[in-house]
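**Student:** All I have is the shape, not the residue letters:
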């Protein structure tokens, strides 16, 4: 795969109002999700659930790529079919979550950096060889008393840029995810300020490393008040501030921005994406890379039972279609009842 192909893949992932399914929950996270529906989390149940989603008829009308956890990348279903091959057979690009989680910057702070950069190049090679087309690396920025510190933003931005370069050197499209966490009692303006500073630093470092911006995707948070602030979500204000922040920080060469849902409900994540696209003529494709906001209702319907497959797929496809319409600014509340 040449550099031109990296650009093509990045572009294709966000074309035609399609988005990404984030199915890269760690073993701990998926266990919490399964606990909520009283299903044991083991290799078999995780495989069954994810295969149910991936084999949804017409999935590729709305979903262009799926981020996989390492276990899922090499998993086979009961017929011996690799899950990643299932995705390729329905025209969905398989991607891989490649960071190794978070580590505290120092023991006196909740600030973190993302682990795994030292071994990244070696770890990427087998995924590239076996059909992965893109990667994902998540940095976490918390808002609180005296945080984030400039050091935290700087360190995470530098690591994101290094990760992006190593991915591109392995002919993989990097999804760059600097997430300003929704937890906290801060207002929307504080989220705007921190997100703007973070994105500015990320692009300074990406340019320093000569990362090809036409061959990346950005996965940012939306600009929202803290979840403990008690401030009601104002969809129009969130859309306006999110677009303004991106316009001030993200170069036009970047082909697409795929939002994370970050604790928003399924409907709210769709509503905000729709409002952003409805109100603006953006230089980049504005799409989605949702995990829980695409899966929440489908997971409840699944309940660990194979006989619920058709219902699960119907619910999942509906959510994917709603978000695809939001990429055009054509979603409406009435469509939720179809």
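**Tutor:** Nice, thanks for sending it over. It should be emphasised that the depicted structure is a prediction, and the values quoted were computed from it without experimental measurement.

**Student:** just the helices in the stretch 101-250 of the chain please.
**Tutor:** In the stretch 101-250 of the chain, the segments counted as helices under DSSP state H, counting those that start in this stretch are 120-129, 150-169, 188-208, 235-249.

**Student:** Which strands and helices lie in contact with the helix or strand that comes right after the last one?
**Tutor:** Per DSSP states H and E, helix 235-249 leads on to strand 256-259 as the next helix or strand towards the C-terminus. With contacts defined as 3 or more CB pairs under 8 Å, 6 or more residues apart in numbering; DSSP states H and E, the packing partners of strand 256-259 are helix 3-13, strand 217-218, helix 266-279, strand 285-290. C-beta: built from backbone N, CA, C; applies to glycine.

**Student:** quick one: buried residues of the longest one?
**Tutor:** Neighbour-count burial for helix 266-279 flags 266, 268-277 (criterion: 16 or more other CB atoms under 10 Å).

**Student:** now stretch 193-202
**Tutor:** Across stretch 193-202, burial judged by 16+ other CB under 10 Å covers 193-199, 201-202.

**Student:** Show me the beta-bridge partners of the residue nearest the centre of the chain.
**Tutor:** For the chain, the residue nearest the mean C-alpha position is residue 289 (3.7 Å; CA atoms, centre = their mean). Here residue 289 sits in beta bridges with residue 20, going by DSSP bridges.

**Student:** Distance check, residue 165 against residue 290.
**Tutor:** For residue 165, the distance to residue 290 equals 27 Å [CB to CB, to the nearest Å].

**Student:** Between the two, tell me which one has more neighbours.
**Tutor:** Neighbours were counted for residue 165 and for residue 290 using other CB atoms under 10 Å; residue 290 has more, 26 against 19.

**Student:** May I have the residues that are in contact with that one?
**Tutor:** 19-22, 259-261, 269, 323 (CB atoms under 8 Å, 6 or more residues apart in numbering).

**Student:** how near is it to residue 267?
**Tutor:** 12 Å.

**Student:** same thing with residue 101?
**Tutor:** Applying CB to CB to residue 101 and residue 267 gives a distance of 30 Å.

**Student:** Ok, residue 70 next?
**Tutor:** 31 Å.

**Student:** List the buried residues in stretch 180-189.
**Tutor:** 180-182, 184, 186, 188.

**Student:** do stretch 129-141 as well
**Tutor:** Neighbour-count burial for stretch 129-141 [16+ other CB under 10 Å]: 132-141.

**Student:** I'd guessed residue 238 sits against residue 232; true?
**Tutor:** No - counting by CB atoms under 8 Å, residue 238 stays clear of residue 232, with 10.8 Å between them.

**Student:** just checking, residue 80 is part of a strand?
**Tutor:** No - applying DSSP: H, G, I helix; E, B strand; the rest coil, one finds residue 80 to be coil, outside a strand.

**Student:** What count of nearby residues applies to it?
**Tutor:** For residue 80, using other CB under 10 Å, the count is 6.

**Student:** quick one: it from residue 135, how far?
**Tutor:** From residue 80 to residue 135 the distance is 26 Å (CB to CB).

**Student:** now do residue 169
**Tutor:** As judged by CB to CB, residue 169 and residue 135 stand 11 Å apart.

**Student:** Quick one: residues contacting the closest residue in space to residue 188 that isn't next to it in sequence.
**Tutor:** Counting by CB to CB, 6 or more residues apart in numbering, residue 188 lies nearest to residue 225, which is 4.5 Å off, once chain neighbours are set aside. If you count contacts by CB under 8 Å, 6+ apart, residue 225 has them with 186-188, 191, 231, 233.

**Student:** Same question for residue 64.
**Tutor:** By CB under 8 Å, 6+ apart, the residues touching residue 64 are 12-16, 18-20, 92-93.

**Student:** Just the element for residue 319, please.
**Tutor:** helix 309-327.

**Student:** who's in contact with that helix?
**Tutor:** For helix 309-327, the external contacting residues (CB under 8 Å, 6+ apart) are 17-19, 21, 52-53, 55-59, 61-63, 266, 269-271, 273-274, 277, 285-288, 290, 293-295, 297-298, 301-302, 331, 335-336, 338.

**Student:** What subset of those residues is buried?
**Tutor:** Counted by 16+ other CB under 10 Å, the contacts of helix 309-327 give 17-19, 21, 52-53, 55-56, 59, 61-63, 266, 269-271, 273-274, 277, 285-288, 290, 293-295, 297-298, 301-302, 331 as buried.

**Student:** before we move on, back to that, is it possible to get TSV of the helices and strands packed on strand 256-259 that adds mean pLDDT?
**Tutor:** Formatted as TSV, the helices and strands packed on strand 256-259 follow (pLDDT from 0 to 100):
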stretch	mean pLDDT
helix 3-13	88
strand 217-218	98
helix 266-279	97
strand 285-290	98
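
**Student:** how much space between residue 196 and residue 153?
**Tutor:** Applying CB to CB, the value for residue 196 to residue 153 is 11 Å.

**Student:** swap in residue 106?
**Tutor:** Counting by CB to CB - residue 106 and residue 153 are separated by 15 Å.

**Student:** Which one's more surrounded, those two?
**Tutor:** The residue with more neighbours, out of residue 106 and residue 153, is residue 153; 23 against 7, by other CB under 10 Å.

**Student:** wait, what's in contact with that one?
**Tutor:** 141, 197-198, 201.

**Student:** can you rerun that using 10 Å?
**Tutor:** Counting by CB atoms under 10 Å, 6 or more residues apart in numbering, residue 153 touches 111, 139, 141, 147, 178, 180, 194, 197-202.

**Student:** No further queries at this time; thank you.
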